[in-house]
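In: Have a look at this fold, sequence not included:
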């Protein structure tokens, strides 16, 4: 295991040498290596020269320098792009926090219990320097406001000591330039439904004479950041996940789709490509439900979502991997594959493996994008390899011996928006306003969908596994 330590630095020449020494010598769990990534935020007091000298002595130090002073958040953002470890800790360049507590911070992550750990200065700890009452009150006020908007019960959001699974921190866009990083990252991990733990830490705070930099202005800026990221869902750096998140928030549409599929589902379901679990929640409870995923971030989301549900399994498995598929229990009465087939290089092999996992009389429920002529910039942003014709799906299912009990297109209204945004405007995402308007009128789209004269945006297919190769289309 490798620990990455991020250290943003600005004008800390009196403490930087000792701080780096403590970081490099802090005790870590067995078989754990470390790297220290220092970002100098354009110091002008000699700090940068000291950092350069120390970096020459240690192979595990990476140093970067900002061309101008931009703030703590910007420095962290730059460092995140350089990390190569499994876990990340943020370390200030002063001596207020003790690297000797790294083991305590990362233990919940190593045990598999947490995705993020905050070190609380206000929990019961061995030692804490007593300083400014008003400063502490301001911290508690910001924590209260953050908790109000995120519905968390943290005791200290402004703490420097935060540990993350590296894959998670690397996936989150950081927008705040200064100390707004703290409430921003808190809002985003809350919205991502990550497992957050707190551990008490010692705190050796310093006075403003000793170099403390945060001021009351940063407190007011933090309040704005708290409100801003309560409104804004800016949770992923990847474009495809941003689109998926926006589409997962179309609650009325998801319920419409779920209502169409639910009558065809059994009690033992395997969902291929469960994603963020949006549709999974629509189909629970069931006797047993297995979620397959290959994206590490989606796996974390699903594990967090269903950690206390004994009837739900989350497995990291590619449905195209025949060898691994054969290790699964072949006792599912429903194979659910919603907007996944179009992402796969070998859709035939994937369908073959799904068929192997189904019991006799079990059902395959497919949703795929319709009409190859509509393939556009939105498909590419989502990672779609292809779009299908109804005849393509019919031929695929009948080739495996499925009796087709339902095959139709649906969601005809959205085909206009897809064509406008992707084919004409060449966009890579829908605007949130468009999605909200569409979702508000789903009740109307459901009424008119059967009567519109053009095909729908998606194809729904339900096939029943049987020895009979003949199928019928409804």
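Out: Now that the structure is in, tell me what you want to look at. What you see is a predicted model, and the numbers here were worked out from it, not measured in a lab. Numbering: from 1, shown residues only.

In: what's the burial count for residue 420?
Out: Residue 420 sits with 12 neighbouring residues when counted by other C-beta atoms under 10 Å. Quick note: C-beta positions are derived from backbone N, CA and C, even for glycine.

In: can you check the one 5 residues further on too?
Out: By the criterion of other C-beta under 10 Å, residue 425 has 11 neighbours.

In: Mind pulling up the pLDDT for it?
Out: Model confidence at residue 425, given as pLDDT, is 89.

In: just residue 271 next, same as before
Out: 96.

In: From residue 346, how far out is the nearest residue to it once chain neighbours are set aside?
Out: Sequence neighbours aside, residue 336 is the residue nearest to residue 271 in space, at 4.3 Å (criterion: C-beta to C-beta, 6 or more residues apart in numbering). Spatial separation of residue 336 from residue 346 under the definition C-beta to C-beta, to the nearest Å is 19 Å.

In: Tell me which of the two has more neighbours.
Out: Taking other C-beta under 10 Å, residue 336 and residue 346 do not tie; residue 336 has more neighbours (28 against 12).

In: Remind me which helix or strand that one belongs to.
Out: strand 332-338 (DSSP states H and E).

In: Check which helices and strands that strand sits against.
Out: Under the contact criterion of 3 or more C-beta pairs under 8 Å, 6 or more residues apart in numbering; DSSP states H and E, strand 332-338 touches helix 251-261, strand 268-272, helix 278-283, helix 347-357, strand 358-369.

In: quick revisit: spit out the contact partners of the residue nearest to residue 271.
Out: By C-beta atoms under 8 Å, 6 or more residues apart in numbering, the contact list for residue 336 reads 261, 265, 269, 270, 271, 272, 279, 283, 365.

In: with these in mind, which one is nearest to residue 223?
Out: Closest approach between the contacts of residue 336 and residue 223, by C-beta to C-beta: residue 279, at 36.5 Å.

In: There's contact between that closest one and residue 260 in this structure, I believe.
Out: No: assessed by C-beta atoms under 8 Å, residue 279 is found out of contact with residue 260, at 11.6 Å.

In: Spit out the residues that contact these two alike.
Out: By C-beta under 8 Å, 6+ apart, no residue touches both residue 279 and residue 260.

In: Hey, what's the angle from the lowest-mean-pLDDT helix or strand in the chain to helix 251-261? Just curious.
Out: Of all helical and strand segments in the chain, the minimum by mean pLDDT, DSSP states H and E falls on helix 239-248, at a mean of 71. For helix 239-248 against helix 251-261, the angle by axes from the mean of the first three to the mean of the last three C-alpha atoms, to 10 degrees is 80 degrees.

In: who touches helix 239-248?
Out: Residues outside helix 239-248 that contact it (C-beta under 8 Å, 6+ apart): 171, 233, 235-236, 254, 275-276, 278, 297, 378, 381-383, 428-430, 432, 435.

In: starting at the chain centroid, how far to that helix?
Out: 10 Å (C-alpha atoms, centre = their mean, to the nearest Å).

In: How is this structure divided into domains?
Out: 2-235, 240-465 (automatic domain parsing).

In: From one end of the first one to the other, what's the distance?
Out: According to C-alpha to C-alpha, to the nearest Å, domain 2-235 extends 25 Å from its N-terminal end residue to its C-terminal end residue.

In: Identify the residues contacting the residue nearest the centre of the chain.
Out: Residue closest to the average C-alpha location in the chain (C-alpha atoms, centre = their mean): residue 297, at 5.0 Å. Counting by C-beta under 8 Å, 6+ apart, residue 297 makes contact with 167, 168, 171, 236, 241.

In: And what about it, helix, strand or coil?
Out: Assigned by DSSP: H, G, I helix; E, B strand; the rest coil, the conformation of residue 297 is helix.

In: what does the model give it for pLDDT?
Out: Residue 297 is given a pLDDT of 87.

In: swap in residue 20?
Out: If you check residue 20, the pLDDT there is 96.

In: ok so, going back, which of the contacts of residue 297 are buried?
Out: Among those, those scoring as buried are 168, 171, 236, 241 (criterion: 16 or more other C-beta atoms under 10 Å).

In: Pretty sure the first one sits in a helix.
Out: Yes: inclusion of residue 168 in a helix is indicated when three-state DSSP is applied.

In: show me what contacts it?
Out: Contact analysis of residue 168 by C-beta under 8 Å, 6+ apart lists 115, 116, 189, 192, 194, 297, 300.

In: Export those residues as a markdown table, with columns for secondary structure and distance to residue 76.
Out: Shown next, in a markdown table, are the contacts of residue 168 (DSSP: H, G, I helix; E, B strand; the rest coil; distance: C-beta to C-beta, whole Å):
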| residue | secondary structure | distance to residue 76 |
| --- | --- | --- |
| 115 | coil | 18 |
| 116 | strand | 14 |
| 189 | helix | 14 |
| 192 | coil | 18 |
| 194 | coil | 18 |
| 297 | helix | 19 |
| 300 | helix | 21 |
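
In: mind giving me JSON lines with these and columns for distance to residue 157?
Out: Converted to JSON lines, those look like this (distance: C-beta to C-beta, whole Å):
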{"residue": "115", "distance to residue 157": "16"}
{"residue": "116", "distance to residue 157": "12"}
{"residue": "189", "distance to residue 157": "11"}
{"residue": "192", "distance to residue 157": "16"}
{"residue": "194", "distance to residue 157": "14"}
{"residue": "297", "distance to residue 157": "23"}
{"residue": "300", "distance to residue 157": "21"}
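
In: Among the residues you listed, which one sits closest to residue 444?
Out: The nearest member of these to residue 444, counting by C-beta to C-beta, is residue 192 at 32.3 Å.

In: What's the local residue count around the closest one?
Out: Close neighbours of residue 192, defined as other C-beta under 10 Å, add up to 22.

In: tell me the contacts of residue 41?
Out: For residue 41, the contacting residues are 8, 9, 10, 66, 69, 70, 71, 72, 74, 75, by C-beta under 8 Å, 6+ apart.

In: For PyMOL, write a command that selects the buried ones of these.
Out: Buried residues among the contacts of residue 41 (16+ other C-beta under 10 Å), as a PyMOL selection:
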select buried, resi 8+9+10+66+70+71+72+74+75
